[in-house]
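Student: make a model of this:
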Amino acid sequence: MTLHGLLDLEYGPDGDALLIAGLKAGADTEERAGEAGETLLHVAVRRYRTSAVQILLDHGADIDALNAGGKTAWAHAARRGFDDLAQLLVERGAGTALTRADELALAVVHGRLDEARAILAANPEAARTGNPTEDRLLADVAGRNEREPVELLISAGADLLAPALDDGTPLHQAAWFGQPTNARLLIDAGAPLEVFDRVHSSSPLGWAVHGSRYSGGAEERQTAYVELARLLVDAGSKLHYPGDPDGNDYYERLLRDAIPGVAEVLKAAR
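Tutor: Predicted coordinates:
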């Protein structure tokens, strides 16, 4: 396993020790990975791993390295509202330059929607620049409790397909985090139902089903996940893998993940 993989998906209780061991063994802190061209520091910030960020900086990671989208680790933190991490990076000497799209992201994630509207009025292209690290903003906010930022970005022409966490579209994010209101907004705006992400090979319905049991807020949002499953099924979400209309593999996978209420929705849709 690479250190990028460790930081991204496998950072358990021994993560800090494994990271330090890898760095002591000569791992290159500036090695890039993935289409986003992320350094280890980018991944640690994106995954909100504060101790890993500190370890990497202590081992000489370039604090202002740019990913393929021209973003520093500080921009990663600031755009996601990880204010404590952003402050840590500033204290360690990070630069804080912003594009107009970054300014829009900061206004949106901090709930300053009047400021966001003013930015969009002067720079309508900021909602959809063609830069994946900027256009993920809609996906980043779709999984949050607030409806207004999603409405604002949809009306501004934000990309309904731009992926964020684990290659999931905005609809995937709303599904995983148990946000049926935002999911409805996205579906009504034309968000596709049958995009299967490249990390988990799952549609938004699959993310809702898996999230119903395994997301951080699952226990408190059981009713929301049942509503989401029903919403997605009623909108036309399929219960099979693409290209396998007669197969049961995806349906059986969904049933294994589903909480009882969601399983009833799936069974009724067969």
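Student: from Leu98, how far off is Gly236?
Tutor: To Leu98, Gly236 is 40 Å away according to C-beta to C-beta, to the nearest Å. C-betas here are computed from N, CA, C, even on glycine.
Student: ignore the last one, Ser215
Tutor: Taking C-beta to C-beta, one finds Ser215 at 31 Å from Leu98.
Student: same check on Gly34?
Tutor: Taking C-beta to C-beta, one finds Gly34 at 24 Å from Leu98.
Student: and Ala224, by the same measure?
Tutor: In terms of C-beta to C-beta, Ala224 sits 34 Å off from Leu98.
Student: compare the two (neighbour count), which wins?
Tutor: Per other C-beta atoms under 10 Å, whichever of Ala224 and Leu98 has more neighbours is Ala224, with 20 against 15.
Student: tell me the secondary structure for that one?
Tutor: Secondary structure assignment for Ala224 (DSSP: H, G, I helix; E, B strand; the rest coil): helix.
Student: same question for the one 4 residues further on.
Tutor: Judged by three-state DSSP, the three-state class of Leu228 is helix.
Student: was I right to think it contacts Gly178?
Tutor: Yes: using C-beta atoms under 8 Å, Leu228 makes contact with Gly178 at a distance of 6.6 Å.
Student: which of the two has more neighbours?
Tutor: It is Leu228, of Leu228 and Gly178, that has more neighbours when counted by other C-beta under 10 Å, with 31 against 26.
Student: contacting residues around that one?
Tutor: 174-175, 178-180, 183, 208, 212 (C-beta atoms under 8 Å, 6 or more residues apart in numbering).
Student: can you pick the most crowded of those residues?
Tutor: Ala208 (37 neighbours).
Student: picking up where we left off before, could I get the contacts of Leu228 as a markdown table with distance to Leu6 and secondary structure?
Tutor: What follows is the contacts of Leu228, written out as a markdown table (distance: C-beta to C-beta, whole Å; DSSP: H, G, I helix; E, B strand; the rest coil):
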| residue | distance to Leu6 | secondary structure |
| --- | --- | --- |
| Ala174 | 29 | helix |
| Ala175 | 27 | helix |
| Gly178 | 28 | coil |
| Gln179 | 30 | coil |
| Pro180 | 34 | helix |
| Ala183 | 32 | helix |
| Ala208 | 28 | helix |
| Ser212 | 28 | helix |
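Student: possible to save these as a markdown table with distance to Leu113 and pLDDT?
Tutor: What follows is the contacts of Leu228, written out as a markdown table (distance: C-beta to C-beta, whole Å; pLDDT from 0 to 100):
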| residue | distance to Leu113 | pLDDT |
| --- | --- | --- |
| Ala174 | 18 | 98 |
| Ala175 | 24 | 98 |
| Gly178 | 23 | 97 |
| Gln179 | 18 | 98 |
| Pro180 | 21 | 98 |
| Ala183 | 20 | 98 |
| Ala208 | 27 | 98 |
| Ser212 | 30 | 97 |
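Student: contact partners for Ala36?
Tutor: With C-beta under 8 Å, 6+ apart, Ala36 has these contacts: 42, 67-69, 132-133.
Student: do the same with Phe196
Tutor: Contacts for Phe196 (C-beta under 8 Å, 6+ apart) come out as 202-203, 206, 241-242.
Student: so which of the residues you listed comes closest to Asp257?
Tutor: Gly206 (7.7 Å; C-beta to C-beta).
Student: quick one: contacts of the one helix or strand that closest one maps to?
Tutor: Element membership for Gly206, per DSSP states H and E: helix 204-214. Helix 204-214 is contacted by residues 168-169, 171-178, 183, 193, 195-197, 200, 202, 218, 222, 225-226, 228-229, 232-233, 237-239, 250, 253-254, 257-259, 261-262, 266 when judged by C-beta under 8 Å, 6+ apart.
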